[in-house]
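Asker: sequence-free structure coming up:
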């Protein structure tokens, strides 16, 4: 099967499995797992932050951060269509007692003027806004990378206005590598950030939550409360470290996605009205009707090729480490 539905469907390579087999383990509930401890310290050092915490998922990391950086009744500013708004089962309301204030964005970005606007609106009757949460890359904008200079400028401005800043960086490494960013520049602009090992990086499980020492100390306690404490988790950390050490392979995924976008732009498929590609690992095909998108998906399923949908008329193709050049050739040949 060729699976374009998501970059979460990857299987561990032989080399990654070797890293799992050879991992040193201890009880992480006692902070005694050497593989986890080294991974946390390594990730924190990359971003110039004080400490890290290995968590089961990006959602867990995001929601722990929200709980620490807000108070019940607060609002969190985020981009329209963000993961914490649409894909986390209203966890912010359930776990932290906060609500989301979404801002329409341009490829996931918003300006200092928009920050001022929502803060002014909230001075009297509306909830207190305590947190700004970014998402990079921005899924709702077809996997767009945030403009790095603007991200830093707006984050620093928000902090001056008394807000805390969190970055949901599930696919952050696509942006870091794609734009050739120094990770420490990101670390300086936020109070906390997460990134996933189990998406583009290709590990089977896990995300990293980063922040200050006190923040991570609190995060560890909240992780325990929410059932996220783990024992001999070094076997997962070993896979995560291998994924991180081979992160430059993500640029190959960008190249594969670019080939797909170029192919469909040249194909002039009668049912596709628009092809969107934002220089990362996703291509979005916009169809004229729900019926035509459904037929497209069903016809590919018959030859064991799977694609995903974001909305009924929007098909998403995601490239990842398990998509090889021969898979692209097979996929393209279907349309000739």
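Answerer: Sure thing, it's come through. What you are looking at is a predicted structure, and each value in this text was computed from that prediction instead of being measured.
Asker: Report how many residues lie close to residue 214.
Answerer: When neighbours are counted by other C-beta atoms under 10 Å, residue 214 registers 11. In this view, the C-beta of every residue, glycine as well, is placed from N, C-alpha and C.
Asker: Now do the same for residue 252: its pLDDT.
Answerer: With respect to pLDDT, residue 252 scores 97.
Asker: secondary structure class for it?
Answerer: Classification of residue 252 using DSSP: H, G, I helix; E, B strand; the rest coil returns helix.
Asker: Could you do residue 275 as well?
Answerer: At residue 275 the chain is in strand, as set by three-state DSSP.
Asker: Please enumerate the strands of the stretch 201-336 of the chain.
Answerer: Secondary structure of the stretch 201-336 of the chain, counting by DSSP state E, counting those that start in this stretch: strands at 207-211, 272-277, 282-287, 305-306, 308-311, 314-318.
Asker: Identify the neighbouring strands of the shortest one in the sheet and state each direction.
Answerer: Paired with strand 305-306 in the same sheet, following DSSP bridges, are strand 2-3 (parallel).
Asker: same deal with the first one?
Answerer: Sheet partners assigned to strand 207-211 using DSSP bridges are listed as strand 51-55 (antiparallel), strand 192-196 (antiparallel).
Asker: other SSEs contacting whatever helix or strand comes next after the first one?
Answerer: Just to be clear, that refers to strand 51-55. Per DSSP states H and E, strand 51-55 leads on to helix 58-69 as the next helix or strand towards the C-terminus. Counting contacts by 3 or more C-beta pairs under 8 Å, 6 or more residues apart in numbering; DSSP states H and E, helix 58-69 packs against strand 51-55, helix 83-86, helix 91, strand 129-135, strand 164-168, strand 192-196, strand 207-211, helix 213-225.
Asker: if we compare those, which one ends up closest to residue 107?
Answerer: Closest to residue 107 of the helices and strands packed on helix 58-69 is strand 129-135 (C-beta to C-beta; 10.9 Å).
Asker: Could you check the angle the closest one makes with strand 164-168?
Answerer: Interaxial angle, strand 129-135 versus strand 164-168 (axes from the mean of the first three to the mean of the last three C-alpha atoms, to 10 degrees): 30 degrees.
Asker: sorry, back to before: of all the strands paired with strand 207-211, which gets the most neighbours per residue?
Answerer: Most buried of those, by mean neighbour count (mean count of other C-beta atoms under 10 Å): strand 192-196, with a mean of 27.
Asker: State the mean pLDDT of that strand.
Answerer: Averaging pLDDT along strand 192-196 yields 98.
Asker: So which helix or strand of the protein has the lowest pLDDT on average?
Answerer: helix 112-121 (a mean of 88; mean pLDDT, DSSP states H and E).
Asker: Compute the distance between the closest residue in space to residue 173 that isn't next to it in sequence and residue 43, please.
Answerer: Nearest residue to residue 173, sequence neighbours excluded (C-beta to C-beta, 6 or more residues apart in numbering): residue 247, at 5.2 Å. According to C-beta to C-beta, to the nearest Å, residue 247 and residue 43 sit 11 Å apart.
Asker: neighbour count winner among these two?
Answerer: It is residue 43, of residue 247 and residue 43, that has more neighbours when counted by other C-beta under 10 Å, with 24 against 16.
Asker: Next, the contact list for the more buried one, please.
Answerer: 52, 208, 210, 244 (C-beta atoms under 8 Å, 6 or more residues apart in numbering).
Asker: Select only the buried ones of those in PyMOL?
Answerer: Restricted to buried positions by 16 or more other C-beta atoms under 10 Å, the PyMOL selection for those reads:
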select buried, resi 52+208+210+244
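Asker: ok so, going back, what's the least confident helix or strand of the chain packed up against?
Answerer: strand 99-103, strand 129-135, helix 148-160.
Asker: How far away from the center of its chain is it?
Answerer: 26 Å (C-alpha atoms, centre = their mean, to the nearest Å).
Asker: Quick check: buried residues in it?
Answerer: 115, 118-119.
Asker: Number of residues surrounding residue 136?
Answerer: Residue 136 has 27 nearby residues by other C-beta under 10 Å.
Asker: got it, and residue 2?
Answerer: By other C-beta under 10 Å, the residues close to residue 2 number 17.
Asker: And it, how far from residue 291?
Answerer: Note on residue 2: its distance to residue 291, by C-beta to C-beta, is 24 Å.
Asker: same thing with residue 166?
Answerer: Relative to residue 291, residue 166 is positioned 40 Å away (C-beta to C-beta).
Asker: Same check on residue 249?
Answerer: Taking C-beta to C-beta, one finds residue 249 at 38 Å from residue 291.
Asker: what's the angle between the least confident helix or strand of the chain and strand 129-135?
Answerer: Put simply, helix 112-121 runs at 150 degrees to strand 129-135, going by the same axes, to 10 degrees.
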